[in-house]
Every structure is written in C-alpha cells, then in structure tokens.
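> Have a look at this fold, sequence not included:
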C-alpha cells in the first residue's frame, strides 16, 4: 500500500501565517479530494474530475496498475476507453466556497468498491448487487439499478423482509 498526501497551499501569501498547513490538510470539503489517499495495485478507483473527455470523465472507473510518485498508471474499466491504459497525474483543485483561497494538489481519484445508482447509469456490469435497506427515493432509480446486468442470475438484491418501495410517476 502506498499513501499519497496532498500538497496544500494558501493562494494569498498575506494569509499564509493565519492558516497553517495542518489546518489546510484537515479540511474535508465537498468537491475537494481528501488530503490522504491510500492505494494498492489492482484496486478499483473512480475518477472524480474530467481529464480527457470522453475517455476520462468524472465517474469513469479505473484499475490501478502502477503507483508512481506523481502519476498513477491505470486501466479503464468502463466507458468509451474500456481496456485502455492511461496515466493519471496529480492535479490542482481550488475550492471557491471558503473565505480564503487555497490550492490542493492531489490525484483526482477515490476508492470505488461500490457506486451509486446514478453513477451506474449507462454502464453494463457483469455482476451487480443492489443494497435496498433504504427504499429508492427517486423516480426510475430501481429500474436503473436492476437493468445494469444482462443476465438476471447475476443480479443480487438485498432488501429487508424481501420488500422495498419503488417510486414511479404516471403522466396523464
């Protein structure tokens, strides 16, 4: 396993003494990659930014094949570039919803052992498991989850008491 730490810096040099690096490292913000990223070879990850559309888009699933210092080697598992080898660099991310600007440089990936129904839309999977402990909460989501596999024997559903609610809108 290899651990990658982000490089966090304040954009305004006048504020650099007010916000220490440890504080910046501790920030966990929506849309901003984590400070620490732990990866192993062959682990599945999901790309969190558009890098090279249409092959490398937000939501593309990859398998890590090389762990470098500033690059990751990966194989695309889903989408247009399925089966292609790619290199993923560290990229800068500058959040805009803070009272100060800082830059975090990190790999734009997250571990991806599971995906949401929305992220699975448009994908074809060999095997899928659907966890329905909480009912589907939006029109069409149950259909999306169940229609990702081409063989019904490869669809596994967990629903307490064997029941769930499906929301369907009927237009008049």
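It's in. Since the model is a prediction, treat every value here as computed from it, not as a measurement. Numbers count the residues shown, from 1 in each chain.

> Before we move on, what's the pLDDT of the nearest residue to residue 166 once chain neighbours are set aside?
Spatial nearest neighbour of residue 166, chain neighbours left out: residue 142 (4.5 Å); criterion: CB to CB, 6 or more residues apart in numbering. Just so you know, the C-beta spots here come from the backbone N, C-alpha and C atoms, and that holds for glycine as well. If you check residue 142, the pLDDT there is 80.

> Which secondary structure state does residue 142 sit in?
Look at residue 142: counting by DSSP: H, G, I helix; E, B strand; the rest coil, its state is helix.

> Pull the number of nearby residues for it.
Residues contacting residue 142 under the criterion other CB atoms under 10 Å number 20.

> Could you tell me how far it is located from residue 127?
With the distance defined as CB to CB, to the nearest Å, residue 142 ends up 18 Å from residue 127.

> quick one: the strands in this protein?
For the chain, strands defined by DSSP state E occupy the ranges 2-5, 7-10, 36-39, 44-47, 61-67, 71-76, 85-89, 91-93, 102-106, 109-111, 128-131, 155-158.

> May I have the beta-bridge partners of the residue nearest to the spatial centre of the chain?
Closest to where the C-alpha atoms of the chain average out (CA atoms, centre = their mean) is residue 46, at 4.0 Å. Residue 46 has these beta-bridge partners by DSSP bridges: residue 61, residue 110.

> Next one, pLDDT for it please.
92.

> Go ahead and confirm it touches residue 64.
No: at 11.5 Å, residue 46 and residue 64 do not qualify as touching, with contact defined as CB atoms under 8 Å.

> re earlier: ok, the residue nearest to residue 166 to residue 120 distance?
Taking CB to CB, one finds residue 142 at 12 Å from residue 120.

> and for those two, which residues touch both?
Jointly contacting residue 142 and residue 120 under the rule CB atoms under 8 Å, 6 or more residues apart in numbering is no residue at all.

> Let me see the domain layout of the protein.
2-111, 117-162 (automatic domain parsing).

> quick one, which of these is packed in tightest?
Comparing those by mean neighbour count (mean count of other CB atoms under 10 Å), domain 2-111 ranks first with a mean of 15.

> Need the distance between the two termini of it.
End-to-end distance of domain 2-111 (CA to CA, to the nearest Å): 13 Å.

> Sweet, I'm off.
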